[in-house]
Every structure is written in structure tokens, then in C-alpha cells.
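Peer 1: next come a sequence and a model predicted from it.
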Amino acid sequence: MSSRTVIRGGLVITASDEIHADVLIEDGRVAALAASATPAADAFTADRTIDATGKYVIPGGVDAHTHMELPFGGTFASDTFETGTRAAAWGGTTTVVDFAVQSVGQSLRRGLDAWHAKAEGTCAIDYGFHMIVSDVNAETLKEMDLLVEEGVTSFKQFMAYPGVFYSDDGQILRAMQRSAENGGLIMMHAENGIAIDVLVEQALARGETDPRFHGEVRKALLEAEATHRAIRLAQVAGAPLYVVHVSATEAVAELARARDEGLNVFGETCPQYLFLSTDNLAEPGFEGAKYVCSTPLRPREHQAALWRGLRTNDLQVVSTDHCPFCFTGQKELGRGDFSKIPNGLPGVENRMDLLHQAVLDGHISRRRWIEIACATPARMFGLYPKKGTIAPGADADVVIYDPGAEQVMSAGTHHMNVDYSAYEGKRVTGRVETVLSRGVPVITDREYTGRAGHGVYTPRSTCQYLT
Ligand code: URP
Ligand code: ZN
Ligand code: ZN
Ligand code: ZN
């Protein structure tokens, strides 16, 4: 039995077009689009009609960087796959790509299986996995080939966190050489963690223990240096490179230079770097702990370079790096020693709205909003055109967005399982009204109508963004 839905009268926005069109959905996929109030659109018949007059009709967001239940610093990120994907849906995101973790001494397979077990049957929206590679050895390199074949086509390495996730330059080069052969995409956490650990030790010895020192020791220059090194290692290996959570002006400059040389080098930034700053890290008492993440928040001056990078396409993607830890009991682990504050910020629910506010603030166009939040992450990570657009054949992951609704972001009203909001009290214009995931209403007129287990694992092809 086929089920049909039609969305009438909205402004359909994709990365390439804005058209007043009706969207016909059949059996979970977009079946057709036709200009509204034309005979072709009027001929659409359906069991259910959604009136989107005065609203935007946009592809569901693709958040290519989340960490549900991530073990970090002796605790776990506070959103489970169930709570985190539900919150994502509330915020207009219909696909997340989370990071499975290989622990040192374990196989990639074991890590991936463990993450499948956490997510299976619990997610409100569709999900895929990247693989964090913490232990590059002959076996790991062989396993990378198998993972690419089964749809885990991207691998995160860390130039930071010695003793935990850290890879040295030789391990990085080997993984990049392998990905040059098997089509995988290396995602880099680019900070010089060896140098940072020296600065951490020296700061703590001077009694500099407050959260704001987290931002001071993790220097922009050490992000830029690592970004440069990662780019050149990738160039030597002949592999593409995607740098995650770019925050520093100097790192954007490295990416821009490499791209001007014609290299397949890509950069992601996150809302926290676009909207927050070291002013937040310096909030009185221990409040700054709420804003501890790595790369760290930067002085406000860096934001202009990030916005410019998003406009010039030297940065291509905005993901959240959603990695929530409650203030009470988790961030508090670092009272008296900033290096013990678990790293990460909540935000999976806030990304689409913050970027819509960026449209209103004149930083980016509406189509660029959809490009950096939906279409490009889908192409970068092999999900396009199933995800990231509204076109015949695409999954009917569709958001009805009210561009005029006002909201105040707050822990009191958000759906993430975390006891604070990084954007507490922030007023933004624009709000998600209804969300379809493969045609199924997950949010209906601002009520949750989804269910745990609707979301399915989504294998990915290799990167579709190479030039
Ligand atoms: O502080 C952060 N970003 N926590 C999550 C882990 C990572 O490095 O992405
Ligand atoms: Zn990272
Ligand atoms: Zn350029
Ligand atoms: Zn991350």
C-alpha cells in the first residue's frame, strides 16, 4: 500500500534553487515537485496535505559531526543516541554521522560493532558512522579497506590528546596513503597536542587552573601549525583531507592557501566558533567550563575569518561537534584543573536555527545556509542525493521551517539531555515546525510524533565532493 503526502505552497530552498513549489512524497521519497498553483501541482493527490504557505520547505539537516555517548575524560557524553537524535529532529536535522571509536589495542571492527550496538533500534532519525582511528597498525590499515566497502568511508585522526586518540605523523601518513588507495576521507583534529600538553603543565604549575586557561594554552598558532602539517602530509600521500572544527583565522588561511593550490582540502567549522568566544570561557565562577571544547573558542576577532571562509568556500561545512556534558557532575570534574574538564559542547538541536539567524544577520544567503548544513555534508560524506536535497528520488527528509517565528534558546525548553544551553537566552528568528524523516512525521506542528528506532543505519559511498 502506498502512502502519499503533499506539501503545498511553501518556498522550497535547496543549495541551488528557491522556488514556490508543491512537493509530492510517495513511499518515503520525494516523487515530484511542481510550481505551486499550476495544473501540474494541482494534479498531485495525496492521503495527507501539509500547508506550508508562508513557510520554507528545506531538506532535513545533515550533521556530519556528533558524539552521542562518547567516553571522554572518565565520563560519557550525556546524550544517548535516543535522546540526541530526538533533539536533532527538534532542531530540523534528519541525519547525523557519529564517530565510532577504536580504542588503542582494539580492532576497528570491535569499535564499530560497539557503536552499532549503542545506536541500533534507538534513533529517531537516520544515522551513519565515521571511524575514529586511534591505533594505526598493519591490521588497522587492512580493516580500513573493509570499512570503506561497507559504508564507513571516513576516518578521524587526532594530532591532539597524546595517550588517548593521538596519532603521530608517521601513523597519519600511513592512514592517508591507505585512504588515497581505498577512497576513504581522513578527517583531522588539527592541534599540536604534544606542544599543548607542555603548555598545560606549565599553566597548571603557575596556578592557572580556571577554564579560561584552556583557551590560552590551546593556541591558534598550534591549530594552524597542525592544519598546515596535515595538509602537507595529505599532499604527500595524494589523499584528500577534511579538517574538523576549524576555529582559528590562521587555520582558515592554511586551508585557503592549500585550496588555491588546487588541493582537495576541506574545512568544517561549528556554530560555537561562529557565535561564542573566549568571553564565554572567561565567565565568572566556574561558568566558563560550559564552553570548554577543542579546538577551543577563540577571541571574537576570529569569527570574521570563519564567516568569510564560509562565503568563499574555503570552509564548506558547518557541523555541531555535539558532545554534551552536564555542568553538574561532569564539567565540574575540572574544578581546580581546567585540563580535567570534559571537552565538548551541546548543539545538535541549535545548528539549523543559528545558521538561519546568520542568514538574517547577512553573513550567508538562504541557499548557502542549505548548502553548508545539508547538501555539502551529504556530498562530502557520500549521502547525496539520498540526503541533503529535495529532488525526485531523494529520501523525503523534509523540514517545514517558519522563518518568522521568534524563539529564545534555553536549557529550560531544549530537548538535548544536558543541563545547560551554550546559547542560554539567545533570541533567534526562525523555528522548525514540522519534520519528516523518509516521509514519516517526526515533529508535527511542534510536537514530537517520532519514535526510537525509526532511524536506520545508513551506509555511505565515498566522498562526492572531490575536484
Ligand atoms: O571538544 C570536543 N570537540 N570534543 C569532542 C571530541 C572532538 O575532538 O571532536
Ligand atoms: Zn576533534
Ligand atoms: Zn581561496
Ligand atoms: Zn568531535
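Peer 2: Structure received. Residues are numbered from 1 along each chain as shown. Ligands and ions are numbered 1, 2, ... in the order given.
Peer 1: once you drop chain neighbours, what's closest to the residue of the stretch 351-467 of the chain found nearest ligand 3?
Peer 2: Proximity of the stretch 351-467 of the chain to ligand 3 (C-beta to the ion) peaks at T467, 12.8 Å away. Backbone N, C-alpha and C define where each C-beta goes, glycine included. In space, T467 comes closest to N264 once its chain neighbours are excluded; the distance is 6.2 Å by C-beta to C-beta, 6 or more residues apart in numbering.
Peer 1: didn't the one you found look like it was pressed against L466?
Peer 2: Yes: at 5.2 Å, N264 and L466 qualify as touching, with contact defined as C-beta atoms under 8 Å.
Peer 1: joint contacts of these two?
Peer 2: P240 (C-beta atoms under 8 Å, 6 or more residues apart in numbering).
Peer 1: what about the two, which has more around it?
Peer 2: N264 (18 against 12; other C-beta atoms under 10 Å).
Peer 1: number of nearby residues for the closest residue to ligand 1 within the stretch 1-150 of the chain?
Peer 2: Distances between the stretch 1-150 of the chain and ligand 1 by C-beta to the nearest ligand atom are smallest at H67, namely 5.3 Å. Per other C-beta under 10 Å, the neighbour tally for H67 reads 24.
Peer 1: what does A304 give?
Peer 2: Neighbours of A304 using other C-beta under 10 Å come to 11.
Peer 1: CA atoms only: put the helix or strand hosting it into CSV for me.
Peer 2: Take DSSP states H and E as the rule and A304 turns out to sit in helix 302-312. What follows is helix 302-312, C-alpha atoms only, in CSV (Å, rounded to 0.1, in the frame of the first residue of the first chain):
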residue,chain,number,x,y,z
HIS,A,302,38.4,35.1,14.6
GLN,A,303,34.7,35.0,13.7
ALA,A,304,35.0,37.2,10.7
ALA,A,305,37.5,34.9,9.1
LEU,A,306,35.2,31.9,9.6
TRP,A,307,32.2,33.7,8.1
ARG,A,308,34.4,34.8,5.2
GLY,A,309,35.7,31.2,4.8
LEU,A,310,32.1,30.0,4.6
ARG,A,311,31.3,32.6,1.9
THR,A,312,34.5,31.9,-0.2
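Peer 1: my guess is H189 contacts V244. True?
Peer 2: Yes: H189 is within contact range of V244, at 5.9 Å (criterion: C-beta under 8 Å).
Peer 1: mind listing the shared neighbours of those two?
Peer 2: In contact with both H189 and V244: K156, using C-beta under 8 Å, 6+ apart.
Peer 1: on that earlier part again, would you list the phi and psi of the residue of the stretch 1-150 of the chain closest to ligand 1?
Peer 2: Per-residue torsions, H67: phi -140, psi 70 (degrees, to the nearest 10).
Peer 1: how about it, nearest residue that isn't a chain neighbour?
Peer 2: Using C-beta to C-beta, 6+ apart, the closest residue to H67 is C323 (4.0 Å).
Peer 1: any idea how far that neighbour lies from ligand 1?
Peer 2: 4 Å (C-beta to the nearest ligand atom, to the nearest Å).
Peer 1: that residue: neighbour count?
Peer 2: 25.
Peer 1: distance of the residue of the stretch 351-467 of the chain closest to ligand 3 from ligand 1?
Peer 2: Taken as C-beta to the nearest ligand atom, the span from T467 to ligand 1 is 26 Å.
Peer 1: same question for G382.
Peer 2: For G382, the distance to ligand 1 - C-beta to the nearest ligand atom - is 20 Å.
Peer 1: quickly find the element holding that residue.
Peer 2: Counting by DSSP H and E, G382 is found in no helix or strand.
Peer 1: strands of the stretch 51-200 of the chain, start to end?
Peer 2: Here the stretch 51-200 of the chain has its strands, by DSSP state E, counting those that start in this stretch, at 56-59, 61-66, 71-72, 75-76, 93-101, 126-132, 154-158, 185-189.
Peer 1: lowest mean pLDDT across those strands, which one is that?
Peer 2: Lowest mean pLDDT within the strands of the stretch 51-200 of the chain: strand 71-72, a mean of 94.
Peer 1: quick one: that strand to chain centroid distance?
Peer 2: 18 Å (C-alpha atoms, centre = their mean, to the nearest Å).
Peer 1: just stretch 136-146 next, same as before
Peer 2: 25 Å.
Peer 1: return the set of buried residues in it.
Peer 2: Under the neighbour-count criterion of 16 or more other C-beta atoms under 10 Å, stretch 136-146 has V136, T140, L141, E143, M144 buried.
Peer 1: farthest pair within those?
Peer 2: V136 and E143 (10.6 Å; C-beta to C-beta).
Peer 1: what's the domain layout of this structure?
Peer 2: Segmentation of the chain into domains, based on automatic domain parsing, reads 4-58+388-416+427-448, 60-380.
Peer 1: winner for burial among these?
Peer 2: domain 60-380 (a mean of 21; mean count of other C-beta atoms under 10 Å).
Peer 1: now look at it and say if it contacts ligand 3.
Peer 2: Yes: judged by C-beta under 5 Å from the ion, domain 60-380 comes into contact with ligand 3 through A256, D260.
Peer 1: going forward, count from 47.
Peer 2: Noted, 47 is the first residue going forward, which turns the last one into domain 106-426.
Peer 1: now do the end-to-end distance for that domain.
Peer 2: Start to finish, the residues bounding domain 106-426 are 16 Å apart (C-alpha to C-alpha, to the nearest Å).
Peer 1: now stretch 120-128, how far from the chain's geometric center?
Peer 2: 16 Å.
Peer 1: what's next to that stretch, contact-wise?
Peer 2: By C-beta under 8 Å, 6+ apart, stretch 120-128 touches 113-116, 133, 144, 164-165, 168-170, 173, 368-372, 376, 379, 388, 390, 392, 394, 462-464, 498.
Peer 1: do that stretch and ligand 1 meet at all?
Peer 2: No: shown here: stretch 120-128 not in contact with ligand 1 (C-beta under 6 Å from any ligand atom), separated by at least 7.9 Å.
Peer 1: touching the worst-scoring helix or strand of the chain on mean pLDDT from outside, list them.
Peer 2: Across the helices and strands of the chain, mean pLDDT, DSSP states H and E gives its lowest value to strand 117-118, namely a mean of 94. Residues from elsewhere that reach strand 117-118 (C-beta under 8 Å, 6+ apart): V147, C369, F371, P388, N389, G390.
Peer 1: TSV for the residues you listed, including secondary structure?
Peer 2: What follows is these, written out as TSV (DSSP: H, G, I helix; E, B strand; the rest coil):
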residue	secondary structure
V147	strand
C369	coil
F371	coil
P388	coil
N389	coil
G390	coil
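Peer 1: could the residues you listed be laid out in a markdown table, adding distance to R54?
Peer 2: Shown next, in a markdown table, are these (distance: C-beta to C-beta, whole Å):
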| residue | distance to R54 |
| --- | --- |
| V147 | 45 |
| C369 | 39 |
| F371 | 43 |
| P388 | 46 |
| N389 | 45 |
| G390 | 41 |
